[in-house]
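fold the stuff below for me.
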Amino acid sequence: LEDSEVVSITIEGEGLAGNPFEVTNYADLKKIGTGVDGWGLDGHYLQTDDIDASVSVSENSGAGWEPIGTEETPFTGAYDGGIYKISNLYIERPEQTFVGLFGVAEDARFNYMTLENVSIYGQALVGGIVGQLKIASENVSMIANEVSGSVTAMHTLTGGLAGQIVPNTGEPSPLLVEIRDNHVSASIITTNEGTLVGGLVGQIAGCEILVGENGYVGDIVGRYIVGGIVGQAASSSQIVFRNNHSDGTISYSGESGGFMMGGIAGFLTGADINVTHNQSTMDITVDSYADRIGGLVAYITPEQLNLSDSFATGNIVVTERGQMVGGLIGQASGAGMTISDSYATGSIEIGGGTLYAGGFIGFSTGEITISQCYAAGNVNSPNSYGGDLFLGGFAGYIAGMGSLDQSYAIGDVNAPFADQVGGLIGHTNLVVSNCYAQGDVSGDTQVGGLVAYYQYSELENYKITNSYSSGAVSGNEEVGGLVGFADPDTNVTNS
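Residues are numbered from 1 along each chain as shown. Next up is the predicted model:
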């Protein structure tokens, strides 16, 4: 060659992290995992242009897109959407599990993807991006993805991003699952009383979990363990939920009842749980009876919990009997629980009688410290199921060791057929200090403007101090402006 000559060389991708295969059109998308031109299930892929997948509606005899990766041969590579979009992806496989753009993946990463106007329908383990993501030997992530449209399953494990994320062995793993900066604006629907349903992920279990800076907007239909961001997060190590937000509705209509339904999460269980700066404006409606419903989280069972700077503003409606219903938390039971600087403002309406309901928290046992929190919504249970108990403007029932400090409730509490109805708490033995209730209170027996039933315990110097109530109080027996009934030796001071 002469010195002045210029040679132009085009280097095609090799499927490596530093030199990924480039996905530029629908044909390229279909080639992933086939082995053609080396495009295997273990490759790294980078999308370099918008892709219209409308043609998928007419493929495979109406079943649409065939998901990439199976249980036997999962996708083990990485897909980077490059901030380009895939639009109009269609899947209609109601008798198939592991359904999504990807069916099953292992140790995979899905980042910067945009799936626009998807229509996805499968039997179980259904997600907008991946049906099931398994963890084997590497951390996995889903970062900065967007999904819109509809994701539907007949049964269980359904989410806007992923149906399920779990270790491949079924045993606990020290590896990390990171779900961050994702946004889903899709309807998430289960048609047959679905279980483990989330706006982003149905279930994450058996690993360290970070869920942060995510958003969901839409309508979710499910019955058991349903959350606006994640249905269930379970770990023997750390779970972190931070800066997530959800808006829309969660609903169930059927004879079986709705269980563990929360604006951010349905069920959180783990050794060390941190929930900070989360917010939900989702309304939750159960056209049946309900158990453990929370405006933010339905059910928390930690060994250690820090929940702070979070709020829920959605309304909760249960048409029949309701149990453990709270404006922020349905039930929190465990050790080392600290809740601070959080609030709930939505109303609670229960049509068929109530057991444990509060404007902030429905039911709690264990070791708990609550400070600088409030509830502003009304709690209304106008009818009787029989044996109706424990309603409060802030909490229905809190028993164990701990305190409630600098907290208040301003909503009315109406439960004319129920016992232990309080403007702040229905039943407690916590130290209550610097608290107040302003709403009107009506109940049957043991009705208090602040606390309905104060249970004395010799474990600590349990007391009510520097607290007051200002609303009207009505009932039939054991009615008090401050306390309806208190065990002997209860210490009430400056109140």
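
give me phi/psi at the closest residue in space to residue 147 that isn't next to it in sequence?
Closest residue in space to residue 147, ignoring its immediate chain neighbours: residue 128 at 3.9 Å, by C-beta to C-beta, 6 or more residues apart in numbering. For every residue, glycine as well, the C-beta is placed using N, CA and C. For residue 128, the backbone dihedrals are phi -60, psi -50 (criterion: degrees, to the nearest 10).

cool, and residue 393?
phi -60, psi -30.

all strands for the stretch 1-150 of the chain, in order.
Using DSSP state E, counting those that start in this stretch, the strands assigned to the stretch 1-150 of the chain run over residues 21-23, 44-47, 51-52, 78-80, 85-87, 90-99, 102-106, 109-111, 114-127, 130-135, 140-143, 146-153.

list the buried residues in the first one.
Counting neighbours by 16 or more other C-beta atoms under 10 Å, one finds that the buried residues in strand 21-23 are 21, 23.

residues contacting the residue nearest to residue 147?
By C-beta atoms under 8 Å, 6 or more residues apart in numbering, residue 128 lies in contact with 100-101, 115, 118, 120, 147, 149, 151, 159-162, 184, 186.

make CSV from those residues and add pLDDT, distance to residue 302 and neighbour count to it.
Formatted as CSV, these follow (pLDDT from 0 to 100; distance: C-beta to C-beta, whole Å; neighbours: other C-beta atoms under 10 Å):
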residue, pLDDT, distance to residue 302, neighbour count
100, 98, 31, 32
101, 98, 34, 27
115, 98, 34, 27
118, 98, 35, 25
120, 98, 34, 30
147, 98, 30, 33
149, 98, 35, 21
151, 98, 30, 34
159, 98, 23, 38
160, 98, 26, 35
161, 98, 25, 32
162, 98, 24, 33
184, 98, 26, 30
186, 96, 30, 28
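
out of the strands of the stretch 1-150 of the chain, which is closest to residue 407?
Nearest of the strands of the stretch 1-150 of the chain to residue 407, taken as C-beta to C-beta: strand 140-143 at 36.4 Å.

what is the closest one packed up against?
Judged by 3 or more C-beta pairs under 8 Å, 6 or more residues apart in numbering; DSSP states H and E, strand 140-143 is in contact with strand 109-111, strand 176-180.

just how off-centre is the shortest one within its chain?
In this case it means strand 109-111. 22 Å (C-alpha atoms, centre = their mean, to the nearest Å).

about what we covered before: any chance of the strands of the stretch 1-150 of the chain in JSON lines, with distance to residue 348 too?
As requested, the strands of the stretch 1-150 of the chain are arranged in JSON lines below (distance: least, C-beta to C-beta, whole Å):
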{"stretch": "strand 21-23", "distance to residue 348": "49"}
{"stretch": "strand 44-47", "distance to residue 348": "45"}
{"stretch": "strand 51-52", "distance to residue 348": "46"}
{"stretch": "strand 78-80", "distance to residue 348": "43"}
{"stretch": "strand 85-87", "distance to residue 348": "40"}
{"stretch": "strand 90-99", "distance to residue 348": "36"}
{"stretch": "strand 102-106", "distance to residue 348": "40"}
{"stretch": "strand 109-111", "distance to residue 348": "38"}
{"stretch": "strand 114-127", "distance to residue 348": "31"}
{"stretch": "strand 130-135", "distance to residue 348": "35"}
{"stretch": "strand 140-143", "distance to residue 348": "34"}
{"stretch": "strand 146-153", "distance to residue 348": "29"}
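
highest average neighbour count across those?
Of all those, strand 130-135 has the most neighbours on average by mean count of other C-beta atoms under 10 Å, namely a mean of 28.

which residues touch that one?
67, 69, 74-75, 97-108, 110, 122, 125, 140, 142, 157, 161-168, 173, 175, 177, 206-207.

and with 6 Å instead?
Outside strand 130-135, the residues that touch it by C-beta atoms under 6 Å, 6 or more residues apart in numbering are 98-100, 102-106, 125, 140, 162-165, 167-168, 173, 175, 207.

could you find which two of the contacts of residue 128 are furthest from each other?
149 and 162 (15.3 Å).

show me the contacts for residue 268.
Applying C-beta under 6 Å, 6+ apart, the residues contacting residue 268 are 233, 297, 300.

returning to what we had before: the strands of the stretch 1-150 of the chain: which one's closest to residue 378?
For the strands of the stretch 1-150 of the chain, proximity to residue 378 was assessed by C-beta to C-beta; strand 146-153 is nearest, at 34.0 Å.

in terms of secondary structure, what does the next helix or strand along the chain from that closest one contact?
Sequence order places strand 156-159 as the next helix or strand after strand 146-153, per DSSP states H and E. Applying 3 or more C-beta pairs under 6 Å, 6 or more residues apart in numbering; DSSP states H and E, we find strand 156-159 packed against strand 114-127, strand 195-198, strand 201-205.

can you redo those as TSV with distance to residue 211?
Output for the helices and strands packed on strand 156-159, formatted as TSV (distance: least, C-beta to C-beta, whole Å):
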stretch	distance to residue 211
strand 114-127	15
strand 195-198	10
strand 201-205	8
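
which one of those strands lies nearest to residue 354?
That would be strand 195-198 among the helices and strands packed on strand 156-159, by C-beta to C-beta, at 24.7 Å.

may I have the closest one exported as CSV, CA atoms only?
Extracted in CSV, the C-alpha atoms of strand 195-198 (Å, rounded to 0.1, in the frame of the first residue of the first chain):
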residue,chain,number,x,y,z
THR,A,195,-50.6,-15.0,43.3
LEU,A,196,-47.3,-13.1,43.6
VAL,A,197,-48.0,-10.1,41.4
GLY,A,198,-46.0,-6.9,41.2
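
run me through the strand neighbours of it, direction for each.
When sheet partners are counted by DSSP bridges, strand 195-198 sits next to strand 156-159 (parallel), strand 224-227 (parallel).

export the first one as PDB, just CAs?
Presented in PDB, the C-alpha positions along strand 156-159 are these (Å, rounded to 0.1, in the frame of the first residue of the first chain):
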ATOM      1  CA  THR A 156     -49.000 -16.700  39.300                       C
ATOM      2  CA  LEU A 157     -45.700 -14.900  39.300                       C
ATOM      3  CA  THR A 158     -46.400 -11.900  37.200                       C
ATOM      4  CA  GLY A 159     -44.600  -8.500  36.800                       C
END
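
skip ahead from that strand and say which helix or strand is next.
Per DSSP H and E, the helix or strand that comes after strand 156-159 is strand 162-167.

just checking, residue 414 touches residue 380?
Yes. Using C-beta atoms under 6 Å, residue 414 makes contact with residue 380 at a distance of 4.8 Å.

on that earlier part again, residue 86: which of the contacts of residue 268 is nearest?
Nearest to residue 86 among these is residue 233, at 27.5 Å by C-beta to C-beta.

and for the closest residue to residue 393 other than its chain neighbours, the neighbour number?
Once flanking residues are discounted, residue 393 sits nearest to residue 409: 3.1 Å by C-beta to C-beta, 6+ apart. Neighbour count for residue 409, taken as other C-beta atoms under 10 Å: 35.

phi first, then psi, for residue 409.
phi -130, psi 140.
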